[in-house]
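1. The following comprises the amino acid sequence and a computationally predicted model.
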Amino acid sequence: MTAVDNTNQPPSAPRESLLARHPLTFYSIMAYAFSWFVCLPFVLSKDGAGLLSYRSPIGGDLTLYIFSFGPALAAFIMTSITEGMSGIRRLLKQIVLWRVGLRWYLFALVGLPAILVLGTIVVPGNLASFKSMNPLSLLIAYLP
């Protein structure tokens, strides 16, 4: 019987770290932390709940768009910790490689906005208070 000498390995090898042993737990923690780190100043400001006496430097719409990228950022960090650069490349391939037909692309790009507009028209009293979006906000809406 031979003994294996592990003295040359660094104590914090990527595979053996606490984050790598509990990836789902730490992914969830990071996703919430990144999202709320961006959103909490707006929520607490006068523009949000009004608990603090300052006005938010960025608008609510932009805050909510940035807020939605917290889980993606956490996914990239956890993938790099657990699988390295090869995992990041595989994750990026999976993000851009969709195996769906053209009708689903059309539904996502045209159908969902049409449903939102129809929902605005159908709800009583909502059409009178309808405000159009500026084109930049409309383009940013597709990012998340």
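-> On my side now, so go ahead.

2. C-alpha only now, for contacts and for neighbours.
-> Will do.

3. what kind of secondary structure is L52 in?
-> Judged by DSSP: H, G, I helix; E, B strand; the rest coil, the three-state class of L52 is coil.

4. hang on, it packs against L44?
-> Yes: proximity of L52 to L44 meets the contact threshold set by Cα atoms under 8 Å, at 5.7 Å.

5. Neighbour count for these two, which is higher?
-> L44 (17 against 14; other Cα atoms under 10 Å).

6. Torsion angles phi and psi at that one?
-> The phi/psi pair for L44 (degrees, to the nearest 10) reads phi -80, psi -20.

7. just the one 5 residues further on next, same as before
-> Its backbone dihedrals place A49 at phi -80, psi -20, with angles given as degrees, to the nearest 10.

8. Quick one: the helices in this structure, in order.
-> Assigned by DSSP state H, the chain shows helices spanning 18-21, 23-44, 60-67, 70-96, 102-106, 112-122, 135-140.
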